[in-house]
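Asker: Sequence plus the predicted model coming up.
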Amino acid sequence: MPIWIFRISTLVAFPFVTYTYLGKDWNSFLGGLACGAIVIAGEVLFKRMRLIKIMIGCTGVLLGLMLYTLIGYGMQNFGGGVDAPFWTQYNQHILIGFLIFGLLAALFKARDLEGLSYKGHHLKIADVSALIDGRIVDLCDINFLSGVIVLPVFVIDELNRMAHSKDKLEQAKGRRGLEVASRLQENKEIEVRFTSKTPKAPTMPEQIVKLARSLDAEIVTLDFTINKLAVLKKVIALNVADLATALKPVVLPGESMSLFIMKDGREKEQGIGYLDDGTMVVVEEGRKHIGKRVEVAVASIYQTSSGRMIFAKIK
């Protein structure tokens, strides 16, 4: 409510001052009203804009002023000491033009500069596979991932393309990825920034790796190709699948555990159960215990290309 009092007071005070002290006519009144409206518009604009964008805009204005000064200096010192007639006649207009050019150029590039003007391993680029997987949100929730999550615009565009695909599975993946990106933005535990930088490369994995190299950032991914490319290009890749594998509980032969037998196995009298991380446990003589929780002893462990498999016996 106080902000509306300020705005109304500004609209009343400016016309009153100009009408009273600059001349009691309509021009003074309308001039004061215009000044009040400009002040309110400036207040609303600065309130909605982030500080970094204001700073980028000011930097653009300063660059425009420097460019104007350098050109003027060149004309005075390398033009025989006499300015060009055009420059002399339209000096103020040219100055305003350079200032506006600097401001607009800086604001148009603000999306690239904002949050990405500094580099380092606190920047983590999320690729398509990481967003579709969704576990990146859980890692951010528990503060396992720190720094700034960078979402490239070309990754979001790819997810949007997938979300509008005629293939139902691809469509579901695209929508899932966009939903995860939205959840990341709502997460208060970590900062999320977008970048429109799109490196020139024939494939998206190469674009991701090139972008990471240019920003000296890390990549959050589940993509095997990106993982291998990152190793070749000496870029750090945080593979969520590798993390999940590394965090699987260690089970040793002879160790006992409590296991719920869910279904029968391929062989006669075998029962199948699962650990909390999804590892399958094949239990000998476990068929008659289906639907029950029993104590089993680990007999052997096999590592396959698709994961780990444990064989156990009823204890």
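Answerer: Good, I have the coordinates.

Asker: so how far is the helix or strand hosting Leu178 off the chain centroid?
Answerer: Element membership of Leu178 [criterion: DSSP states H and E] is helix 168-186. Per Cα atoms, centre = their mean, to the nearest Å, the displacement of helix 168-186 from the mean C-alpha position of its chain is 14 Å.

Asker: Val220 is in contact with Ser129, correct?
Answerer: No. Checked against Cβ atoms under 8 Å, the pair Ser129 and Val220 is beyond contact range at 9.2 Å. Where C-beta positions appear, they are placed from N, C-alpha and C, glycine not excepted.

Asker: The two: which is more packed in?
Answerer: When neighbours are counted by other Cβ atoms under 10 Å, Ser129 and Val220 differ, and Val220 comes out ahead with 26 against 23.

Asker: With just CA atoms, put the helix or strand containing Ile100 into CSV.
Answerer: Ile100 is located in helix 91-108, with elements delineated by DSSP H and E. Taking only C-alpha atoms (Å, rounded to 0.1, in the frame of the first residue of the first chain), the coordinates of helix 91-108 have been written out as CSV:
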residue,chain,number,x,y,z
ASN,A,91,27.2,16.4,-32.3
GLN,A,92,24.5,16.0,-29.6
HIS,A,93,22.4,13.7,-31.8
ILE,A,94,25.4,11.4,-32.4
LEU,A,95,26.2,11.3,-28.7
ILE,A,96,22.6,10.2,-27.9
GLY,A,97,22.7,7.6,-30.7
PHE,A,98,25.9,6.1,-29.3
LEU,A,99,24.5,5.9,-25.8
ILE,A,100,21.3,4.2,-27.0
PHE,A,101,23.4,1.8,-29.2
GLY,A,102,25.6,0.9,-26.2
LEU,A,103,22.5,0.4,-23.9
LEU,A,104,20.6,-1.8,-26.4
ALA,A,105,23.6,-3.9,-27.3
ALA,A,106,24.3,-4.6,-23.7
LEU,A,107,20.7,-5.5,-22.9
PHE,A,108,20.4,-7.7,-26.0
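
Asker: Show me which residues of that helix are buried.
Answerer: Of the residues in helix 91-108, Phe98, Leu99, Phe101, Gly102, Leu103, Ala106 count as buried by neighbour count, 16 or more other Cβ atoms under 10 Å.

Asker: got it, and stretch 196-208?
Answerer: The neighbour-count criterion (16+ other Cβ under 10 Å) identifies Lys197, Met204, Pro205, Glu206, Gln207, Ile208 as the buried residues of stretch 196-208.

Asker: Stretch 31-44 too?
Answerer: Gly31, Gly32, Leu33, Cys35, Gly36, Val39, Ile40.

Asker: Return the member of these nearest to Phe16.
Answerer: Sorting those by how near they are to Phe16, with Cβ to Cβ, puts Gly32 at the top with 7.1 Å.

Asker: Ile38 versus that closest one, what's the distance?
Answerer: The span separating Gly32 from Ile38 equals 11 Å under the rule Cβ to Cβ, to the nearest Å.

Asker: name the element Ile261 belongs to?
Answerer: strand 256-264.

Asker: Describe which strands that strand pairs with in its sheet and in which direction.
Answerer: Paired with strand 256-264 in the same sheet, following DSSP bridges, are strand 271-274 (antiparallel), strand 293-304 (antiparallel).

Asker: Next, the angle helix 91-108 makes with the longest helix along the chain.
Answerer: In the chain, assigned by DSSP state H, the helix with the most residues is helix 51-78. Counting by axes from the mean of the first three to the mean of the last three Cα atoms, to 10 degrees, helix 51-78 lies at 140 degrees to helix 91-108.

Asker: Use 53 as the first number from now on
Answerer: Yes, from this point I'll number from 53; that puts the last item at helix 103-130.

Asker: elements contacting helix 103-130?
Answerer: Counting contacts by 3 or more Cβ pairs under 8 Å, 6 or more residues apart in numbering; DSSP states H and E, the secondary-structure elements packed against helix 103-130 are helix 143-160, helix 162-165.

Asker: Tell me the helices and strands packed up against the first one.
Answerer: Counting contacts by 3+ Cβ pairs under 8 Å, 6+ apart, helix 143-160 is packed against helix 103-130.
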